[in-house]
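Participant: Here is a sequence with its predicted model. Questions after.
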Amino acid sequence: MVDFLSIKDCIAGQTEKMIELERLLCSIPALAPESGGDGELKKCEALQAFLQKLGFTQFERFDAPDSRVSSGIRPNLVVTIPGKDDTQHIWIMAHTDVVPPGELAKWKGDPWTLVQEGDKLIGRGVEDNQQGLVSAVFAAYAFIALGIQPAHTVKLLFVADEEVGSVYGIHYLLRTHQLFTKNDLILVPDGGDPAGETIEIAEKNIVWLKVSVQGEQTHASRPDLGNNAFIAAADAALRFHALEGVFSHQDSLFEPPYSTLQPTKKEANIPNINTIPGEDVFYMDCRLLPCYPVAEVMEKMRSVADDVEGKYGVQVSLDIVQSDESPATPDSAPVVQLLTTALKKVHGIEARLIGIGGGTVAAPLRSAGYAAVVWSTLDDMAHQPNEYCLIKNIVSDAQVMAALMYGADAI
(Lines give C-alpha, C1' and ligand atoms only; values in the text may rest on other atoms or scores of the structure.)
Protein backbone atom coordinates (compact mmCIF):
# COMPACT_ATOMS: atom_id res chain seq x y z
CA MET A 1 0.00 0.00 0.00
CA VAL A 2 1.29 3.47 -0.89
CA ASP A 3 1.66 5.61 2.22
CA PHE A 4 0.70 9.27 2.39
CA LEU A 5 4.34 10.42 2.40
CA SER A 6 4.67 9.06 -1.15
CA ILE A 7 1.59 11.07 -2.19
CA LYS A 8 2.98 14.18 -0.55
CA ASP A 9 6.33 13.75 -2.31
CA CYS A 10 4.63 13.11 -5.64
CA ILE A 11 2.78 16.42 -5.37
CA ALA A 12 5.95 18.28 -4.43
CA GLY A 13 7.56 16.96 -7.61
CA GLN A 14 4.92 18.42 -9.93
CA THR A 15 5.81 22.11 -9.74
CA GLU A 16 6.73 22.41 -13.44
CA LYS A 17 3.39 20.95 -14.48
CA MET A 18 1.63 23.26 -12.00
CA ILE A 19 3.31 26.28 -13.59
CA GLU A 20 2.42 24.96 -17.04
CA LEU A 21 -1.26 24.72 -16.11
CA GLU A 22 -1.25 28.17 -14.52
CA ARG A 23 0.36 29.58 -17.67
CA LEU A 24 -2.25 27.94 -19.89
CA LEU A 25 -5.21 29.12 -17.83
CA CYS A 26 -3.83 32.64 -17.45
CA SER A 27 -3.52 32.97 -21.25
CA ILE A 28 -7.26 32.51 -21.84
CA PRO A 29 -9.35 35.45 -20.56
CA ALA A 30 -12.54 33.91 -19.19
CA LEU A 31 -14.66 37.01 -18.66
CA ALA A 32 -18.41 37.19 -18.19
CA PRO A 33 -20.51 39.18 -20.67
CA GLU A 34 -21.08 41.73 -17.90
CA SER A 35 -17.33 42.31 -17.98
CA GLY A 36 -17.11 42.54 -21.76
CA GLY A 37 -16.09 38.93 -22.25
CA ASP A 38 -17.28 35.82 -24.06
CA GLY A 39 -17.53 33.41 -21.15
CA GLU A 40 -15.46 30.43 -20.04
CA LEU A 41 -15.82 27.81 -22.80
CA LYS A 42 -12.34 28.15 -24.37
CA LYS A 43 -10.72 27.99 -20.95
CA CYS A 44 -12.84 25.02 -19.90
CA GLU A 45 -11.97 23.11 -23.07
CA ALA A 46 -8.25 23.84 -22.65
CA LEU A 47 -8.43 22.67 -19.04
CA GLN A 48 -10.11 19.41 -20.02
CA ALA A 49 -7.54 18.76 -22.73
CA PHE A 50 -4.73 19.33 -20.23
CA LEU A 51 -6.33 16.96 -17.74
CA GLN A 52 -6.78 14.27 -20.38
CA LYS A 53 -3.05 14.41 -21.10
CA LEU A 54 -2.40 13.93 -17.38
CA GLY A 55 -4.50 10.78 -17.39
CA PHE A 56 -7.89 11.93 -16.10
CA THR A 57 -10.63 10.05 -17.94
CA GLN A 58 -14.05 10.79 -16.45
CA PHE A 59 -15.54 14.13 -17.48
CA GLU A 60 -19.07 15.51 -17.39
CA ARG A 61 -20.23 18.90 -18.63
CA PHE A 62 -23.27 20.73 -17.35
CA ASP A 63 -23.73 23.70 -19.67
CA ALA A 64 -25.95 26.60 -18.68
CA PRO A 65 -27.61 28.29 -21.68
CA ASP A 66 -26.57 31.92 -22.18
CA SER A 67 -27.39 33.62 -25.48
CA ARG A 68 -25.11 36.56 -24.66
CA VAL A 69 -21.92 34.57 -25.41
CA SER A 70 -20.90 33.32 -28.86
CA SER A 71 -21.05 29.65 -27.87
CA GLY A 72 -24.47 30.05 -26.27
CA ILE A 73 -23.32 28.21 -23.14
CA ARG A 74 -21.52 28.69 -19.85
CA PRO A 75 -19.70 25.42 -19.04
CA ASN A 76 -19.53 23.68 -15.68
CA LEU A 77 -17.11 20.76 -15.67
CA VAL A 78 -17.04 17.79 -13.28
CA VAL A 79 -14.00 15.52 -13.21
CA THR A 80 -14.39 12.24 -11.31
CA ILE A 81 -11.69 10.07 -9.72
CA PRO A 82 -13.37 6.85 -8.53
CA GLY A 83 -12.70 5.95 -4.91
CA LYS A 84 -12.88 2.81 -2.83
CA ASP A 85 -16.13 4.09 -1.31
CA ASP A 86 -18.67 5.76 -3.57
CA THR A 87 -21.25 6.45 -0.86
CA GLN A 88 -19.54 9.70 0.11
CA HIS A 89 -17.96 12.09 -2.39
CA ILE A 90 -15.21 14.61 -1.75
CA TRP A 91 -15.91 17.73 -3.80
CA ILE A 92 -13.37 20.46 -4.46
CA MET A 93 -14.97 23.36 -6.28
CA ALA A 94 -13.11 26.16 -8.07
CA HIS A 95 -14.29 28.70 -10.62
CA THR A 96 -12.87 29.27 -14.08
CA ASP A 97 -14.00 32.85 -14.67
CA VAL A 98 -11.89 35.86 -13.75
CA VAL A 99 -12.33 39.61 -13.45
CA PRO A 100 -10.94 42.15 -15.95
CA PRO A 101 -7.37 43.32 -15.36
CA GLY A 102 -8.38 46.93 -14.74
CA GLU A 103 -5.93 49.72 -15.50
CA LEU A 104 -3.18 48.12 -17.60
CA ALA A 105 -0.64 50.81 -16.66
CA LYS A 106 -0.59 49.39 -13.12
CA TRP A 107 0.58 45.98 -14.35
CA LYS A 108 4.24 45.09 -14.80
CA GLY A 109 3.39 43.37 -18.07
CA ASP A 110 0.57 41.73 -20.00
CA PRO A 111 -1.99 40.47 -17.42
CA TRP A 112 -2.76 37.46 -19.64
CA THR A 113 0.87 36.32 -19.90
CA LEU A 114 2.17 34.47 -16.85
CA VAL A 115 5.32 35.93 -15.31
CA GLN A 116 7.40 33.94 -12.86
CA GLU A 117 9.55 35.71 -10.29
CA GLY A 118 11.12 33.05 -8.13
CA ASP A 119 8.29 31.38 -6.18
CA LYS A 120 5.78 33.98 -7.35
CA LEU A 121 3.48 33.58 -10.37
CA ILE A 122 1.97 36.85 -11.65
CA GLY A 123 -1.05 37.23 -13.93
CA ARG A 124 -4.79 37.79 -13.88
CA GLY A 125 -6.53 34.84 -12.28
CA VAL A 126 -3.45 33.03 -11.00
CA GLU A 127 -4.72 33.26 -7.42
CA ASP A 128 -8.44 33.86 -7.97
CA ASN A 129 -9.23 31.06 -8.53
CA GLN A 130 -6.55 29.18 -10.45
CA GLN A 131 -4.43 28.54 -7.38
CA GLY A 132 -7.18 26.45 -5.80
CA LEU A 133 -8.02 24.86 -9.14
CA VAL A 134 -4.42 23.79 -9.79
CA SER A 135 -4.01 22.50 -6.23
CA ALA A 136 -7.14 20.38 -6.63
CA VAL A 137 -5.93 18.99 -9.96
CA PHE A 138 -2.55 17.91 -8.64
CA ALA A 139 -3.92 16.53 -5.39
CA ALA A 140 -6.06 14.19 -7.49
CA TYR A 141 -3.30 13.61 -10.04
CA ALA A 142 -1.05 12.09 -7.36
CA PHE A 143 -3.49 9.18 -7.04
CA ILE A 144 -3.48 8.67 -10.81
CA ALA A 145 0.32 8.93 -11.03
CA LEU A 146 0.82 6.43 -8.20
CA GLY A 147 -1.89 4.08 -9.38
CA ILE A 148 -3.98 4.12 -6.20
CA GLN A 149 -7.59 4.87 -5.37
CA PRO A 150 -8.65 7.62 -2.97
CA ALA A 151 -10.62 6.52 0.07
CA HIS A 152 -13.79 8.10 -1.33
CA THR A 153 -14.76 9.13 -4.85
CA VAL A 154 -13.34 12.56 -5.65
CA LYS A 155 -15.26 15.12 -7.70
CA LEU A 156 -13.45 18.18 -9.02
CA LEU A 157 -16.00 20.83 -9.98
CA PHE A 158 -14.98 23.80 -12.12
CA VAL A 159 -17.86 26.28 -12.27
CA ALA A 160 -18.64 29.30 -14.41
CA ASP A 161 -19.85 32.77 -13.51
CA GLU A 162 -18.64 33.07 -9.91
CA GLU A 163 -17.41 36.63 -10.28
CA VAL A 164 -20.77 38.15 -11.25
CA GLY A 165 -23.32 36.16 -9.27
CA SER A 166 -23.04 32.43 -10.15
CA VAL A 167 -26.36 32.44 -12.03
CA TYR A 168 -24.79 30.24 -14.73
CA GLY A 169 -22.60 28.37 -12.26
CA ILE A 170 -23.48 26.89 -8.89
CA HIS A 171 -27.00 28.37 -8.83
CA TYR A 172 -27.73 26.74 -12.20
CA LEU A 173 -26.35 23.39 -11.01
CA LEU A 174 -28.35 23.43 -7.78
CA ARG A 175 -31.51 24.36 -9.64
CA THR A 176 -31.27 21.86 -12.50
CA HIS A 177 -29.15 18.90 -11.33
CA GLN A 178 -28.84 16.66 -8.27
CA LEU A 179 -25.07 16.45 -8.03
CA PHE A 180 -24.58 16.54 -4.26
CA THR A 181 -25.75 14.52 -1.27
CA LYS A 182 -25.95 15.64 2.35
CA ASN A 183 -23.23 13.06 3.07
CA ASP A 184 -20.67 14.70 0.78
CA LEU A 185 -17.63 16.71 1.88
CA ILE A 186 -17.35 20.01 0.00
CA LEU A 187 -14.27 22.26 -0.04
CA VAL A 188 -14.13 25.62 -1.82
CA PRO A 189 -10.48 26.82 -2.10
CA ASP A 190 -11.43 30.43 -2.82
CA GLY A 191 -10.53 32.30 0.35
CA GLY A 192 -8.06 32.05 3.18
CA ASP A 193 -5.02 33.62 4.74
CA PRO A 194 -1.21 33.56 4.27
CA ALA A 195 -0.75 30.93 7.00
CA GLY A 196 -3.53 28.64 5.77
CA GLU A 197 -4.98 28.40 9.25
CA THR A 198 -8.51 29.80 8.84
CA ILE A 199 -11.47 27.65 7.80
CA GLU A 200 -14.48 29.74 6.79
CA ILE A 201 -17.72 28.10 7.90
CA ALA A 202 -20.16 31.02 7.74
CA GLU A 203 -20.95 34.15 5.76
CA LYS A 204 -22.97 37.17 6.65
CA ASN A 205 -26.33 37.53 4.98
CA ILE A 206 -25.99 39.99 2.12
CA VAL A 207 -28.44 42.43 0.61
CA TRP A 208 -27.55 45.02 -2.01
CA LEU A 209 -30.24 47.65 -2.19
CA LYS A 210 -31.12 50.32 -4.75
CA VAL A 211 -32.82 53.31 -3.10
CA SER A 212 -34.74 55.60 -5.48
CA VAL A 213 -36.14 58.86 -4.12
CA GLN A 214 -38.70 60.71 -6.22
CA GLY A 215 -39.35 64.36 -5.33
CA GLU A 216 -40.21 67.38 -7.42
CA GLN A 217 -37.67 69.33 -9.46
CA THR A 218 -37.61 73.12 -9.26
CA HIS A 219 -35.28 76.12 -9.53
CA ALA A 220 -32.71 76.22 -6.73
CA SER A 221 -33.86 79.73 -5.80
CA ARG A 222 -37.38 78.39 -5.05
CA PRO A 223 -36.97 75.21 -3.01
CA ASP A 224 -40.39 75.96 -1.54
CA LEU A 225 -41.94 75.02 -4.89
CA GLY A 226 -40.38 71.54 -5.05
CA ASN A 227 -39.29 68.58 -2.97
CA ASN A 228 -35.52 68.10 -2.83
CA ALA A 229 -34.90 64.41 -3.53
CA PHE A 230 -31.19 64.77 -2.73
CA ILE A 231 -31.83 66.00 0.83
CA ALA A 232 -34.36 63.23 1.40
CA ALA A 233 -31.94 60.63 0.03
CA ALA A 234 -29.11 61.92 2.22
CA ASP A 235 -31.32 61.69 5.30
CA ALA A 236 -32.44 58.18 4.30
CA ALA A 237 -28.82 57.05 3.82
CA LEU A 238 -27.88 58.28 7.29
CA ARG A 239 -30.92 56.64 8.85
CA PHE A 240 -30.25 53.33 7.12
CA HIS A 241 -26.63 53.43 8.26
CA ALA A 242 -27.78 54.16 11.83
CA LEU A 243 -29.63 50.82 11.83
CA GLU A 244 -26.27 49.24 12.63
CA GLY A 245 -27.09 50.35 16.18
CA VAL A 246 -30.47 48.62 16.03
CA PHE A 247 -29.24 45.31 14.65
CA SER A 248 -26.45 45.41 17.19
CA HIS A 249 -25.75 41.79 18.09
CA GLN A 250 -22.06 40.84 17.90
CA ASP A 251 -20.48 37.54 16.93
CA SER A 252 -16.73 37.03 17.38
CA LEU A 253 -16.69 34.49 14.53
CA PHE A 254 -16.79 37.45 12.13
CA GLU A 255 -14.59 40.47 11.47
CA PRO A 256 -15.98 43.01 12.05
CA PRO A 257 -18.15 41.18 14.59
CA TYR A 258 -21.30 43.19 13.85
CA SER A 259 -23.74 43.82 11.01
CA THR A 260 -22.87 46.60 8.58
CA LEU A 261 -25.32 48.75 6.58
CA GLN A 262 -23.26 51.03 4.36
CA PRO A 263 -24.30 53.60 1.72
CA THR A 264 -22.01 53.04 -1.26
CA LYS A 265 -22.68 53.86 -4.90
CA LYS A 266 -24.53 57.06 -5.87
CA GLU A 267 -25.95 57.88 -9.27
CA ALA A 268 -25.77 61.37 -10.77
CA ASN A 269 -28.93 63.43 -10.43
CA ILE A 270 -28.97 66.81 -12.22
CA PRO A 271 -26.01 68.18 -14.25
CA ASN A 272 -26.21 71.82 -13.11
CA ILE A 273 -25.88 73.58 -9.76
CA ASN A 274 -28.96 75.79 -9.83
CA THR A 275 -31.66 73.11 -9.95
CA ILE A 276 -33.29 71.26 -7.07
CA PRO A 277 -33.14 67.57 -8.07
CA GLY A 278 -36.46 65.80 -8.35
CA GLU A 279 -34.88 62.35 -8.32
CA ASP A 280 -31.95 60.84 -6.48
CA VAL A 281 -30.65 57.26 -6.44
CA PHE A 282 -28.12 55.61 -4.16
CA TYR A 283 -27.23 52.08 -3.09
CA MET A 284 -26.73 50.24 0.19
CA ASP A 285 -24.41 47.27 0.81
CA CYS A 286 -25.68 45.44 3.89
CA ARG A 287 -23.76 42.57 5.49
CA LEU A 288 -25.87 41.05 8.24
CA LEU A 289 -24.99 38.54 10.93
CA PRO A 290 -26.82 35.25 10.27
CA CYS A 291 -29.12 35.91 13.24
CA TYR A 292 -30.75 38.72 11.23
CA PRO A 293 -32.85 37.48 8.28
CA VAL A 294 -32.87 39.77 5.27
CA ALA A 295 -36.66 40.07 5.47
CA GLU A 296 -36.48 41.41 9.04
CA VAL A 297 -33.95 44.09 8.09
CA MET A 298 -35.88 45.03 4.96
CA GLU A 299 -39.05 45.50 7.02
CA LYS A 300 -37.23 47.96 9.28
CA MET A 301 -35.70 49.80 6.31
CA ARG A 302 -39.15 50.13 4.75
CA SER A 303 -40.40 51.70 7.98
CA VAL A 304 -37.51 54.19 7.88
CA ALA A 305 -38.29 54.97 4.23
CA ASP A 306 -41.92 55.65 5.15
CA ASP A 307 -40.78 58.19 7.75
CA VAL A 308 -38.58 59.92 5.17
CA GLU A 309 -41.48 60.08 2.74
CA GLY A 310 -43.66 61.77 5.34
CA LYS A 311 -41.01 64.28 6.36
CA TYR A 312 -40.00 65.43 2.85
CA GLY A 313 -43.05 64.75 0.70
CA VAL A 314 -41.18 62.29 -1.51
CA GLN A 315 -41.56 58.68 -2.60
CA VAL A 316 -38.87 56.16 -1.66
CA SER A 317 -38.53 52.86 -3.53
CA LEU A 318 -36.39 50.02 -2.20
CA ASP A 319 -35.32 47.48 -4.82
CA ILE A 320 -33.13 44.50 -3.97
CA VAL A 321 -30.27 44.16 -6.46
CA GLN A 322 -28.86 41.01 -4.88
CA SER A 323 -29.69 39.06 -1.77
CA ASP A 324 -28.05 35.98 -0.27
CA GLU A 325 -28.50 34.34 3.09
CA SER A 326 -27.26 31.01 4.29
CA PRO A 327 -26.82 29.10 7.54
CA ALA A 328 -23.39 28.36 8.94
CA THR A 329 -21.73 25.02 8.39
CA PRO A 330 -21.69 23.44 11.88
CA ASP A 331 -18.24 23.20 13.41
CA SER A 332 -19.06 19.54 14.09
CA ALA A 333 -19.61 18.80 10.37
CA PRO A 334 -17.33 16.02 9.02
CA VAL A 335 -15.77 18.32 6.40
CA VAL A 336 -14.74 20.75 9.15
CA GLN A 337 -13.35 18.02 11.35
CA LEU A 338 -11.46 16.23 8.58
CA LEU A 339 -9.97 19.42 7.16
CA THR A 340 -8.87 20.42 10.67
CA THR A 341 -7.24 17.02 11.07
CA ALA A 342 -5.56 17.21 7.66
CA LEU A 343 -4.05 20.62 8.37
CA LYS A 344 -2.68 19.39 11.68
CA LYS A 345 -1.24 16.14 10.36
CA VAL A 346 0.15 17.40 7.03
CA HIS A 347 1.54 20.80 8.03
CA GLY A 348 1.17 21.04 11.82
CA ILE A 349 -1.35 23.87 11.50
CA GLU A 350 -3.89 24.52 14.25
CA ALA A 351 -6.98 25.60 12.35
CA ARG A 352 -9.26 28.49 13.36
CA LEU A 353 -12.91 28.67 12.36
CA ILE A 354 -14.13 32.01 11.05
CA GLY A 355 -17.02 33.76 9.33
CA ILE A 356 -16.67 36.41 6.64
CA GLY A 357 -18.62 39.38 5.35
CA GLY A 358 -17.95 38.57 1.72
CA GLY A 359 -19.82 36.12 -0.43
CA THR A 360 -18.49 32.86 -1.89
CA VAL A 361 -19.99 29.97 -3.83
CA ALA A 362 -20.19 28.09 -0.53
CA ALA A 363 -23.22 30.16 0.49
CA PRO A 364 -25.62 28.71 -2.11
CA LEU A 365 -24.50 25.23 -1.11
CA ARG A 366 -25.20 25.93 2.55
CA SER A 367 -28.57 27.42 1.65
CA ALA A 368 -29.38 24.16 -0.13
CA GLY A 369 -28.48 22.19 2.99
CA TYR A 370 -24.97 21.06 2.12
CA ALA A 371 -22.06 21.47 4.54
CA ALA A 372 -19.27 23.39 2.79
CA VAL A 373 -16.08 25.09 3.93
CA VAL A 374 -13.83 27.68 2.33
CA TRP A 375 -10.11 27.32 2.84
CA SER A 376 -6.76 27.91 1.15
CA THR A 377 -3.35 29.45 1.76
CA LEU A 378 -3.07 32.74 -0.07
CA ASP A 379 -1.91 36.34 0.13
CA ASP A 380 -5.34 37.66 -0.92
CA MET A 381 -4.30 39.33 -4.19
CA ALA A 382 -7.66 38.77 -5.87
CA HIS A 383 -8.77 41.51 -8.32
CA GLN A 384 -5.61 43.54 -7.75
CA PRO A 385 -3.05 44.70 -10.34
CA ASN A 386 -0.13 42.27 -10.55
CA GLU A 387 -2.21 39.54 -8.94
CA TYR A 388 0.07 36.72 -7.85
CA CYS A 389 0.14 33.38 -6.12
CA LEU A 390 2.99 31.44 -4.57
CA ILE A 391 4.04 28.06 -5.96
CA LYS A 392 4.67 26.79 -2.43
CA ASN A 393 1.04 27.51 -1.59
CA ILE A 394 -0.18 25.52 -4.60
CA VAL A 395 1.93 22.59 -3.42
CA SER A 396 1.07 22.77 0.27
CA ASP A 397 -2.66 23.15 -0.38
CA ALA A 398 -2.62 20.24 -2.82
CA GLN A 399 -1.04 18.10 -0.12
CA VAL A 400 -3.83 18.97 2.32
CA MET A 401 -6.47 18.24 -0.32
CA ALA A 402 -4.79 14.92 -1.02
CA ALA A 403 -4.99 14.11 2.68
CA LEU A 404 -8.76 14.53 2.51
CA MET A 405 -8.83 12.19 -0.50
CA TYR A 406 -6.54 9.67 1.17
CA GLY A 407 -8.47 9.77 4.44
CA ALA A 408 -7.09 12.28 6.91
CA ASP A 409 -7.74 9.95 9.84
CA ALA A 410 -5.59 7.26 8.20
CA ILE A 411 -2.42 9.37 7.91
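Facilitator: Structure's in. What do you need?
Participant: use CA for all of it now, contacts and neighbours both
Facilitator: Will do.
Participant: Show me the shaky parts of the protein.
Facilitator: For the chain, the stretches with pLDDT under 70 are 1.
Participant: longest single helix anywhere in it?
Facilitator: Looking across the chain with DSSP state H, the single longest helix is helix 294-312.
Participant: Quick check: buried residues in it?
Facilitator: Neighbour-count burial for helix 294-312 flags 294, 297, 301, 304-306, 308-309, 312 (criterion: 16 or more other C-alpha atoms under 10 Å).
Participant: For the stretch 51-200 of the chain, which segments count as helices?
Facilitator: For the stretch 51-200 of the chain, applying DSSP state H, counting those that start in this stretch gives helices covering 130-146, 170-176.
Participant: What is the first one packed up against?
Facilitator: Yep, that's helix 130-146 we're talking about. helix 4-12, helix 15-26, strand 85-95, strand 152-159, helix 391-406 (3 or more C-alpha pairs under 8 Å, 6 or more residues apart in numbering; DSSP states H and E).
Participant: Kindly recompute the last result at 6 Å.
Facilitator: helix 391-406 (3 or more C-alpha pairs under 6 Å, 6 or more residues apart in numbering; DSSP states H and E).
Participant: if we can go back for a sec, for L174, state which of the buried residues of helix 294-312 is nearest.
Facilitator: V294 (21.4 Å; C-alpha to C-alpha).
Participant: which ones are touching that closest one?
Facilitator: By C-alpha atoms under 6 Å, 6 or more residues apart in numbering, no residues touch V294.
Participant: if you set the cut-off to 10 Å instead, what comes out?
Facilitator: 205-207, 286-288, 323-325 (C-alpha atoms under 10 Å, 6 or more residues apart in numbering).
Participant: out of those residues, which are inside strands?
Facilitator: The strands, defined by DSSP state E, take in 205-207, 286-288, 323-324 from the contacts of V294.
Participant: For ChimeraX, what selects the buried ones among those?
Facilitator: Those of the ones in strands among the contacts of V294 that count as buried under 16+ other C-alpha under 10 Å are selected in ChimeraX with:
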select :205,206,207,286,287,288,324
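Participant: now the ones in strands among the contacts of V294 in JSON lines, with distance to Q384?
Facilitator: JSON lines is the format used below for these (distance: C-alpha to C-alpha, whole Å):
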{"residue": "N205", "distance to Q384": "25"}
{"residue": "I206", "distance to Q384": "23"}
{"residue": "V207", "distance to Q384": "24"}
{"residue": "C286", "distance to Q384": "23"}
{"residue": "R287", "distance to Q384": "22"}
{"residue": "L288", "distance to Q384": "26"}
{"residue": "S323", "distance to Q384": "25"}
{"residue": "D324", "distance to Q384": "25"}
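Participant: Pull the contacting residues for the residue lying closest to Q88 once chain neighbours are set aside.
Facilitator: Once flanking residues are discounted, Q88 sits nearest to D184: 5.2 Å by C-alpha to C-alpha, 6 or more residues apart in numbering. Counting by C-alpha under 10 Å, 6+ apart, D184 touches 87-91, 152-154, 334-335, 370-372.
Participant: What is the nearest of these to V2?
Facilitator: Nearest to V2 among the contacts of D184: H152, at 15.8 Å, using C-alpha to C-alpha.
Participant: Now stretch 111-122: buried residues?
Facilitator: For stretch 111-122, by 16+ other C-alpha under 10 Å, it's 111-116, 121-122.
Participant: deepest of the helices of the stretch 51-200 of the chain, which one?
Facilitator: Stretch with highest mean neighbour count among those: helix 130-146 (a mean of 24; mean count of other C-alpha atoms under 10 Å).
Participant: Go ahead and flag the most central residue of this protein.
Facilitator: The chain has T360 as the residue nearest its centroid, 3.0 Å off, counting by C-alpha atoms, centre = their mean.
Participant: Quick check: that residue is in a helix.
Facilitator: No: counting by DSSP: H, G, I helix; E, B strand; the rest coil, T360 is not part of a helix but coil.
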